[in-house]
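Novice: next one to model:
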Amino acid sequence: KPTVCPACGAHVEHRGVHLYCTNSLSCAPQIAGRLAHYASRDAMDIDTFSEKTAALFVEELKLKSIPDLYDLGPQDYMGLQGFGERRINNLMAAIERSKDCTLGAFIFAIGIPNVGAKTAKDLARRFGTIEALRSATVEQLTEVPDVGEIVARSIVEFFADPSIATQVDRLLAHGVKPRPEEVQQDSPISGKTIVVTGTLPNYSREEIQDLIEKQTNPTIAPYAKTGEVHLRVTAKAEDEKKCRKLIKPVVKELKKRFGRNVFATEESKTLEEAVVDLLKENEMTLSLAESCTGGAVASRIVGVSGASEVLMCGFVTYTNRAKRKCLGVKKSTLHTEGAVSAKCAREMAKGGCKAAKTDVCLSVTGLAGPGGGTEEIPVGTVFMGCCCNGKTVVKEFHFTGNRSRIREQAAAQALTLIRDCVLDQTEENNR
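Specialist: Next comes the predicted model:
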């Protein structure tokens, strides 16, 4: 496999199954690709500007960024192969016309990763101006239909890049004036969201992909949040009642396929709310024994109104001494297995139940990094235990990302494990 870009000689890196050149600022094919995308029909729609034109401009006129296109004058085109006076005038007129564009077209044109033409229009309708979009948070962005956490983070990181910010400012200074999108009111549109625990890669083609490909109205759009998958079912019909009629059988099928993994049928309900409600329904109390998450699971639980009815106690046992003193983890376990082990997680969960006198205790112990990992126990390794009415389940997970992301993923998975164990107990009691 190549280790350097054949066009510019820069280092390449693997992202999934693809290789990417890391030299995004001066790699000629990348610059040409961005220019061609910017000028494409669904973007700024610059007539007669092709991929071949983009490559020519990068090579001969030394364009380094999209705003450079608006710096060109008639004299710059002179001498370019295939550019006579008429073609120059037509192209310059098309570039000038592109300054009057819709906000959705502009958002799509600037090339935000994971943002297609439809999502760009949805963002334009939600935020109204490019300034509002540039300052949007991940939380605000995920309120837009079909925008999940991955896409939202892509948008935030895109505009946080100083080079990108400079280029957007230059485009606006050149007189590019994105105008608001027109909102079509021709037919009512209605939607319903099914929220399930887990991540998109965990669901097989049979569980979801065939439904997505088969549906045209209503449509199904999956998007991910940390530890959750949101399935947005959207229908378009003559009136609201007919929309609901179209949506109902699809929602029924999704519930059938995902079973008890469905924890909400409304966008606003959180996983922690589902956990608190489930504990209340079963009149069960909860304690938490956290190490690497440092209280992150407790923080999500206490954010729910009425959590005090179920959450009795939370232990943050960061050191081995605290694990021994507060939770009764055996010294021999810490010595032979280590704090990041299944046995330690089991003893933490059982000890938490005993110390807090609760029906359920969830334990978390792991390595959030960035240091401390080994070949046997790499950074991102997390063990969780859940003791529910005397029965203890232990699971091992391997999360990726920086320290904050690993802790965030662990907290979400911890909530899922609590829910699964309580449901297991409930089903066992009902047999």
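Novice: wait, is Cys387 part of a helix?
Specialist: No - assessed by DSSP: H, G, I helix; E, B strand; the rest coil, Cys387 does not belong to a helix; its assignment is strand.
Novice: can you give me the neighbour number for it?
Specialist: For Cys387, the neighbour count with other C-beta atoms under 10 Å is 27. (Each C-beta comes from the backbone N, C-alpha and C, glycine too.)
Novice: can you tell me the closest non-neighbouring residue to it?
Specialist: Ala349 (4.0 Å; C-beta to C-beta, 6 or more residues apart in numbering).
Novice: and that neighbour, what is it in contact with?
Specialist: Contact criterion C-beta atoms under 8 Å, 6 or more residues apart in numbering gives 289, 361-363, 385-387, 392, 394 as the residues in contact with Ala349.
Novice: now it: how far from Cys421?
Specialist: Distance of Ala349 to Cys421, given as C-beta to C-beta, to the nearest Å: 10 Å.
Novice: and for these two, which residues touch both?
Specialist: Counting by C-beta under 8 Å, 6+ apart, the shared contacts of Ala349 and Cys421 are Cys386.
Novice: picking that back up, helix or strand for the residue nearest to Cys387, which one?
Specialist: When secondary structure is defined using DSSP states H and E, the element that contains Ala349 is helix 342-356.
Novice: then the helix or strand just after that helix to CSV, C-alphas only?
Specialist: Following the chain from helix 342-356 toward its C-terminal end, the next helix or strand by DSSP H and E is strand 360-366. What follows is strand 360-366 as a C-alpha-only set of coordinates in CSV (Å, rounded to 0.1, in the frame of the first residue of the first chain):
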residue,chain,number,x,y,z
VAL,A,360,-29.0,-2.6,41.4
CYS,A,361,-25.4,-1.4,41.2
LEU,A,362,-23.5,-0.6,38.0
SER,A,363,-19.7,-0.5,38.1
VAL,A,364,-17.3,0.9,35.6
THR,A,365,-13.5,0.4,35.5
GLY,A,366,-11.2,1.0,32.6
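Novice: can you give me the angle strand 360-366 makes with helix 342-356?
Specialist: Compare the direction of strand 360-366 with that of helix 342-356 by axes from the mean of the first three to the mean of the last three C-alpha atoms, to 10 degrees and you get 140 degrees.
Novice: who are the packing partners of strand 360-366?
Specialist: With contacts defined as 3 or more C-beta pairs under 8 Å, 6 or more residues apart in numbering; DSSP states H and E, strand 360-366 has these neighbours: strand 286-290, helix 342-356, strand 381-388, helix 403-430.
Novice: what separates the second one from the chain centre, distance-wise?
Specialist: When you say that, I think you mean helix 342-356. Taking C-alpha atoms, centre = their mean, to the nearest Å, the mean C-alpha location of helix 342-356 is offset from the chain mean by 33 Å.
Novice: quick one: the strands in the stretch 201-350 of the chain?
Specialist: Defined through DSSP state E, counting those that start in this stretch, the strands belonging to the stretch 201-350 of the chain, from first to last, are 219-225, 228-236, 262-264, 286-290, 311-316.
Novice: show me what the first one is packed against.
Specialist: The criterion is 3+ C-beta pairs under 8 Å, 6+ apart, and the helices and strands that strand 219-225 contacts are helix 149-160, helix 210-214, strand 228-236.
Novice: how about the CA coordinates for the last one, as CSV?
Specialist: As requested, C-alpha coordinates have been extracted for strand 228-236 and formatted as CSV (Å, rounded to 0.1, in the frame of the first residue of the first chain):
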residue,chain,number,x,y,z
GLU,A,228,-28.0,5.3,20.5
VAL,A,229,-29.5,4.9,17.0
HIS,A,230,-32.4,7.2,16.0
LEU,A,231,-34.6,6.1,13.2
ARG,A,232,-36.6,9.0,11.8
VAL,A,233,-39.7,7.9,9.9
THR,A,234,-41.0,10.8,7.7
ALA,A,235,-44.1,10.8,5.5
LYS,A,236,-45.6,13.2,3.1
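Novice: from Glu337, how far off is Thr319?
Specialist: As defined by C-beta to C-beta, Thr319 lies at a distance of 16 Å from Glu337.
Novice: got it, and Ala136?
Specialist: Between Ala136 and Glu337 the distance is 46 Å, computed by C-beta to C-beta.
Novice: the more surrounded of these two?
Specialist: Taking Ala136 and Glu337 together and counting by other C-beta under 10 Å, Ala136 has the greater number of neighbours (20 against 17).
Novice: next, that one: secondary structure please.
Specialist: Here Ala136 takes the coil state, with states given by three-state DSSP.
Novice: I figured it hits Phe158, correct?
Specialist: No - at 11.2 Å, Ala136 and Phe158 do not qualify as touching, with contact defined as C-beta atoms under 8 Å.
Novice: just the buried residues of the contacts of Ala349.
Specialist: Burial of the contacts of Ala349 was assessed by neighbour count (16 or more other C-beta atoms under 10 Å); the buried members are 289, 361-363, 385-387, 392, 394.
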